[in-house]
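Chemist: The sequence isn't on hand, but the structure is:
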């Protein structure tokens, strides 16, 4: 069957719209022209507004489509604060997620940092209407990155080293980082790193990379699989206090849409997805400018999932 794609016209909905306005876009990617998303037999696959999430969504969608599942895609919705409500109101049914930040989203008191413990904590924290399937070995964590020059100038090795100098520095990250417990508040509470200013950019995307390269920000939130880190010789600061917990890739789905075909298909995707593979796929999209759908199709074909 053909995958019907809804155009990604914006970065957020509702209250989240203003918070992601810095990332650009216009309109609402969740607007379908009706009060409901796809039909009862359709799985609407969403993604957050960063490249890796959209790539993973393409992989999920392609794998399901290969099994005869009717699929629609609503990509680049925005931050978690936008797409979780979309899952809960039925605008979308499935989205790629990351265990640590998702656990903390539903339980502010989540404390686990190791992979299995985080996954168990996440399962316990989820509302009844949502479920996660098997987590992948693939992991992509939040990180604080600086330029090599900044690291050498201030002798920065870990995030803890920022405490003495952050008052003179600007931090760049997605808008939601200003209030997230693992963002600005967490950096201050856990490491005593209180920045002079915060600049709202995109979630580990090209605006953030460019701002760090150009010196518009001194430190930035990037994702550990981002090929721009090596390409620009950025330094990822160590996280000795585990502010950023394990972040295994995991499908988050509306429980009412689960069946054996969907569960088995997505679990097979996760079984074939490790960190090195994910990083290589992402490099093709980010650095080589290949189409995410084509890269996803190659992955599925290589692993007998297409």
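Modeler: Right, received. Where do you want to start? Only a predicted model underlies this, so the values are computations on that prediction, with no experimental measurement involved.
Chemist: C-alpha from now on. contacts and neighbour counts both.
Modeler: Noted.
Chemist: the strands in the stretch 51-200 of the chain, which residues?
Modeler: Counting by DSSP state E, counting those that start in this stretch, the stretch 51-200 of the chain forms strands over residues 70-74, 94-98, 130-132, 142-146, 170-173, 197-200, given from the N-terminal end onward.
Chemist: Which helix runs longest in this structure?
Modeler: Longest helix in the chain, counting residues (DSSP state H): helix 51-66.
Chemist: residues in contact with that one?
Modeler: Helix 51-66 is contacted from outside by 1-3, 45-48, 70-73, 75-76, 95-97, 205, 262, 265-266, 269, 282, 285-286, 292-293, 295-297, 299-300, 305-306, using C-alpha atoms under 8 Å, 6 or more residues apart in numbering.
Chemist: One more: stretch 203-219?
Modeler: Contacting residues not belonging to stretch 203-219 are listed as 49-51, 144-147, 150, 169-175, 199, 201-202, 220-223, 228, 232 [C-alpha under 8 Å, 6+ apart].
Chemist: Now, of those residues, which are buried?
Modeler: Listed as buried from these are 49-51, 144-147, 150, 169-175, 199, 201-202, 220-223, 228; burial here means 16 or more other C-alpha atoms under 10 Å.
Chemist: Enumerate every residue touching the closest residue to residue 132 other than its chain neighbours.
Modeler: Leaving aside its sequence neighbours, residue 132 sits nearest to residue 252 (C-alpha to C-alpha, 6 or more residues apart in numbering; 4.6 Å). Applying C-alpha under 8 Å, 6+ apart, one finds that residue 252 lies in contact with 94-97, 130-133.
Chemist: Can you select the buried ones from these in PyMOL?
Modeler: Isolation of the buried members of the contacts of residue 252 (16+ other C-alpha under 10 Å) is achieved in PyMOL through the command below:
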select buried, resi 94+95+96+97+130+131+132+133
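Chemist: which one among the contacts of residue 252 gets closest to residue 82?
Modeler: Distance ranking of the contacts of residue 252 against residue 82, using C-alpha to C-alpha, places residue 95 first at 12.1 Å.
Chemist: I'd say that closest one and residue 254 touch.
Modeler: No - when contacts are counted by C-alpha atoms under 8 Å, residue 95 is not listed as touching residue 254 (9.4 Å).
Chemist: what number of residues lie near residue 44?
Modeler: Under the neighbour criterion other C-alpha atoms under 10 Å, residue 44 is assigned a count of 28.
Chemist: Could you report the neighbour count for residue 119?
Modeler: Residues within reach of residue 119, counting by other C-alpha under 10 Å, total 25.
Chemist: dump the residue contacts of it.
Modeler: When the contact criterion is C-alpha under 8 Å, 6+ apart, the partners of residue 119 are 99-100, 103, 135.
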